[in-house]
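In: next come a sequence and a model predicted from it.
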Amino acid sequence: MNTRPEDSNMAKCKWPELEGLGLCEEGKYEFNKFRFWRVVIAASVFYSFYYLGRLNWGICMPWIIEDLSISSTQAGVGASLLMWAYAVGTFLSGRFGERLGQRRVCLWGGIGTTVMNCLVALQTSLTAIFVPWTINGFIQGQAYAPINGMICNWYPKAGRGIATGIFATSMGISTIIAWAVTGWSVVNYGWRWAFTWPLIFLTLPLTLIFYFVSRNKPEEAGFPAYKETTQGISTQAEALRDDQISGVKAWKYLLGNWKFLFLCLASFAAYVARYGLLTWIPLYYAKTAGISMKNVPLLTFGTPIGMAIGPVVGGWISDRFFGAKRWQVIVMYCLLSIVILLTMAFIPIKIMGLTAGVILQILAGLLVLGMCGVLFTAACDFGGRKMAGTAVGTINFFNYLGAGIQGIIIGGILDSSGNWTLVWGLCAALLAVAAILASIARE
């Protein structure tokens, strides 16, 4: 995403939003270098280790169930409590970031999740675990929306898909890191150790690094604000006066737009599928693949690998081929995901084989998280620079209501019937709903 400053024609073509701001070619180059490396990449590295404080529940679930002698439904409640608390946290955090500074809110998140995970590891009863775990869910919601708001402070709508797509890829990279680090820890040292040292030695230091190297917006780094070069929903949002979107008026503006509300509902449905995969894939393999517990993290590694690829590809496609419109990619990814999930629903692992199962994991992860990443970019477009964080926080609120509900519903399905066909069929049906809603809410 960097261009040599001496090639002025390329610079003008590459960064039209920086024209007429009084920046020389070297200044434009430095602006772009700063926003790419010290905002997008720094945020992506930080967030790639942030999930160590969240995905550990699903990865460690077989061990937690065995150690505490609890049911799948009880374990599902733990997943749901985190998601619902996260929903509240992310709903507020985007606005917090716009008012208090995105870097500061992320700092609170990184420190807080480290403390709460350590407290979880010290508890011996499920009830005692649920208290810090629920608080941890709220704290985990303090990063994603603010960072999207920060990126939108630096990138216009026409370049936002690739920038937010790179950052959204960190959700997939987070999943790979969590699967690798947490999986290795739980297999070798137990689930309590998996809830402590990864946060202390990885998440916390990277939180501090991100805070010190990044900046919330160009003006804080000595650059002028970019000019929005497109017309549409972002321009409309940025034209609003500050008094028109102060306080709760920002949420009123966004949720008063029926297209944005439909987008939120589409994302709600999509997140049932996303967290259906993330939460239950390890247990699915542990129960149906005929493999030992110690091999579960390794043989479910395909899901996070796919998730590390999907968002940046989806963002690039929307910017490059669809004129920064997002709904086409969302619908395409949903439809392809449905095919994959229905295959998983009706062909058991023992029949398809482990190799085919891993390939399907990769494809499912790529498509489901890729589609979710583009949904977030669409939310940024509705909010523009002034409300991107609020918009992402709002859509993420709906996301994690869905993510929380899936924990109880799927846990209940498994306890009552043990039917994995129903689980993956439910996820596929909800993705069909997401595709319909996204096509209706097109820009």
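Out: Nice, I can see it. Numbering: from 1, shown residues only.

In: quick one: low-confidence ranges for the stretch 301-443 of the chain?
Out: When residues are selected by pLDDT under 70, those of the stretch 301-443 of the chain lie in 443.

In: one more pass at 90, please.
Out: 301-330, 340, 344-345, 347-381, 384-386, 396, 399-418, 441-443 (pLDDT under 90).

In: ranges for the strands of it?
Out: Remark: no strands are assigned in the stretch 301-443 of the chain by DSSP state E, counting those that start in this stretch.

In: in which helix or strand would I find Met61?
Out: Per DSSP states H and E: Met61 is located in helix 56-68.

In: mean confidence score for that helix?
Out: Throughout helix 56-68, pLDDT has a mean value of 88.

In: give me the contacts around it.
Out: 70-72, 75, 78-79, 82, 117, 125-126, 133, 178-179, 182-183, 186, 190-191, 194-195, 198, 278-283, 286, 293, 296-297 (CB atoms under 8 Å, 6 or more residues apart in numbering). Bear in mind the C-beta positions are built from the backbone N, C-alpha and C, glycine included.

In: put the alpha carbons of that helix into PDB.
Out: Taking C-alpha atoms only, helix 56-68 is exported to PDB below (Å, rounded to 0.1, in the frame of the first residue of the first chain):
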ATOM      1  CA  ASN A  56      -9.800 -19.900  25.000                       C
ATOM      2  CA  TRP A  57     -13.200 -20.900  26.300                       C
ATOM      3  CA  GLY A  58     -14.200 -22.700  23.100                       C
ATOM      4  CA  ILE A  59     -10.800 -24.300  22.500                       C
ATOM      5  CA  CYS A  60     -10.600 -25.500  26.100                       C
ATOM      6  CA  MET A  61     -14.200 -26.500  26.300                       C
ATOM      7  CA  PRO A  62     -13.600 -30.300  26.200                       C
ATOM      8  CA  TRP A  63     -11.200 -30.000  29.100                       C
ATOM      9  CA  ILE A  64     -13.400 -27.600  31.000                       C
ATOM     10  CA  ILE A  65     -16.300 -29.900  30.700                       C
ATOM     11  CA  GLU A  66     -14.300 -32.900  31.900                       C
ATOM     12  CA  ASP A  67     -12.500 -31.000  34.800                       C
ATOM     13  CA  LEU A  68     -15.600 -29.400  36.200                       C
END
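
In: show me what secondary structure element comes after that helix.
Out: Past helix 56-68, further along toward the C-terminus, the next helix or strand under DSSP H and E is helix 72-100.

In: and the angle for that following helix with helix 56-68?
Out: Interaxial angle of helix 72-100 relative to helix 56-68 (axes from the mean of the first three to the mean of the last three CA atoms, to 10 degrees): 150 degrees.

In: quick one: contacts of whichever helix or strand comes after helix 72-100?
Out: For helix 72-100, the following helix or strand on the C-terminal side (DSSP H and E) is helix 102-122. With contacts defined as CB under 8 Å, 6+ apart, helix 102-122 is touched by 46, 50, 53-54, 56, 93, 96-97, 129, 132-133, 135-136, 139-143, 146-147, 149-150, 192-193, 195-196, 199-200, 203-204, 206-208, 210-211, 214-216, 389.

In: report the distance from the helix holding Met61 to the chain centre.
Out: In terms of CA atoms, centre = their mean, to the nearest Å, the centre of helix 56-68 is found 22 Å from the chain centre.

In: begin at 9 from here
Out: With 9 as the first residue, the last one maps to helix 64-76.

In: list the buried ones in it?
Out: Going by neighbour count (16 or more other CB atoms under 10 Å), the buried part of helix 64-76 is Asn64, Trp65, Gly66, Ile67, Cys68, Met69, Pro70, Trp71, Ile72, Ile73, Leu76.

In: wait, Gly180 touches Gly310, no?
Out: No: if you go by CB atoms under 8 Å, Gly180 and Gly310 don't touch, sitting 11.6 Å apart.
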